[in-house]
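Trainee: Model the structure of this input:
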Amino acid sequence: MAVETCCIARRWHLTFSFCELRNVSDVLEPSVALHSGRPAAASARGLADHLELAGIAVNRTRMPMAVTDPNQADNPIVLANQAFLDLTGYTADEILGRNCRFLQGARTSAATVAEIRTGIAEEREFTLEILNYRKDGSAFWNQLHVSPVHDDDGKLLYFFSSQDDVTEFRKVQTLEATEHRLLKEVDHRARNVLAVVSGIVRLSRSDDPALYAAAIQQRVQALAAAHTLLADRGWHEIPLDQIIRQQVDVLDPNRIRVKGPDVLVSALVVQPMALVIHELLFNATIHGALSGPTGTITVHWDGAPQSGGFELHWEEADGPAPDDVRRSGFGTAMLRAMIEKQLRGKVRQVWTETGLMVTITVPGSLEGPKGSNSV
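Mentor: This next block holds a predicted model:
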């Protein structure tokens, strides 16, 4: 009897060390059918004191821990260690007798809360992550582990729970996931650009080596300028007006008129359209309206600002009479490849007595090119 009384007294000393009880009436007789089990490794001396040592370890560990009593109304907290108080910012008086839901807040997932309720109802062990809130209102990601505690007859006595603040770990995971998506996106864009460059090299006319080199250089420069524009805008939507003016503003503004409503186009549209405008401008300079002293070009469009779709008109006037035979060269191939294959649009070309007229239709809400992006 003396030994048993001594053990009970030592256990109550341990209980008070977990967190300060609110009044003496909280001190009840320990459950005689509750046993901690034999430690996985213990000397004879350690085994003799293993209950007290376990209690000391729980209270001194940096791992927050709490015990709830499902046999009381609303399954309140009946025991918690100092690490739990440090994590949540509450005092012992503020947590004892309360259900752990006081740690939930505005952005706590209802689905996660439902998982907890199901695990409790089924009296099973579970681990999950939940967004909890400290007393000061700050949020933290809590990796919650809950385990039921039964007596010798299988009756549920308590739920033991441990908490781990994994907020910083989740930030690292999120950063790594973001970096991974960014690398995949960079890889995708690089492949697209290289495919277009490959098409430029493959389809450019090579009759004259000097002209061939100059044509490729100019086309790659147009592609690079569009890339810079995208980078400056964070690869977000860009006004169609800005894409066109970037290509035509190097020439005489009195000979090229650009007008149209505000239309934001997808980042996927920017580089193909930049190359299309470059090719039309190059053709006009060599063979079309700008090859003579009085020719002019009007570029205008209609569009749906919300969807990003548009219909663009390229109209040349006062240029030389068209040749009887119009050879389909790289410019025409580029035009159709960019608009019809990559942007899923339509191109219509008409030669009048004074110049070329082109109508380009690009659908809105472009999600991505179908098939190969190569020219």
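Trainee: Could you pull out the strands in the stretch 151-300 of the chain for me?
Mentor: 156-165, 238-239, 256-259, 264-265, 296-304 (DSSP state E, counting those that start in this stretch).
Trainee: Take these and lay them out in JSON lines including mean pLDDT.
Mentor: As requested, these are arranged in JSON lines below (pLDDT from 0 to 100):
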{"stretch": "strand 156-165", "mean pLDDT": "94"}
{"stretch": "strand 238-239", "mean pLDDT": "90"}
{"stretch": "strand 256-259", "mean pLDDT": "93"}
{"stretch": "strand 264-265", "mean pLDDT": "88"}
{"stretch": "strand 296-304", "mean pLDDT": "89"}
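Trainee: which strand in this protein runs the most residues?
Mentor: strand 139-150 (DSSP state E).
Trainee: Any idea which of the strands of the stretch 151-300 of the chain gets closest to H227?
Mentor: Smallest distance to H227 across the strands of the stretch 151-300 of the chain (CB to CB): 11.7 Å, for strand 238-239. From N, CA and C alone the C-beta is placed, and that goes for glycine too.
Trainee: Quick check: which helices or strands does the closest one pack against?
Mentor: Here strand 238-239 touches strand 264-265, going by 3 or more CB pairs under 8 Å, 6 or more residues apart in numbering; DSSP states H and E.
Trainee: Strand partners (parallel or antiparallel) of the strand it packs on?
Mentor: Here strand 264-265 has these sheet partners by DSSP bridges: strand 238-239 (antiparallel).
Trainee: Would you mind listing where the stretch 51-200 of the chain has pLDDT under the threshold?
Mentor: 53-55, 57, 179, 182-183, 185-200 (pLDDT under 70).
Trainee: Apply 90 and report the result again.
Mentor: 51-63, 151-154, 167-200 (pLDDT under 90).
Trainee: Are we agreed that D136 is in a helix?
Mentor: No. D136: not assigned to a helix; according to DSSP: H, G, I helix; E, B strand; the rest coil it is coil.
Trainee: what number of residues lie near it?
Mentor: Neighbourhood size, D136 [other CB atoms under 10 Å]: 7.
Trainee: Can you report phi and psi for it?
Mentor: phi -80, psi 0 (degrees, to the nearest 10).
Trainee: And the closest residue in space to it that isn't next to it in sequence, how close does it get to T108?
Mentor: Of all residues not flanking D136 in the chain, G89 sits nearest, at 5.6 Å (CB to CB, 6 or more residues apart in numbering). Separation of G89 from T108 (CB to CB, to the nearest Å) stands at 17 Å.
Trainee: Do I have it right that N71 meets L157?
Mentor: Yes. With contact defined as CB atoms under 8 Å, N71 and L157 form a contacting pair (7.1 Å).
Trainee: which residues are in contact with stretch 86-99?
Mentor: For stretch 86-99, contacts defined as CB atoms under 8 Å, 6 or more residues apart in numbering pick out 19-22, 26, 64, 66, 68, 74-78, 80, 84-85, 102-103, 132, 134-136, 140, 163, 165.
Trainee: Apply the buried test to those residues and list what passes.
Mentor: 19, 21, 64, 66, 68, 75, 77-78, 80, 84-85, 103, 132, 140, 163 (16 or more other CB atoms under 10 Å).
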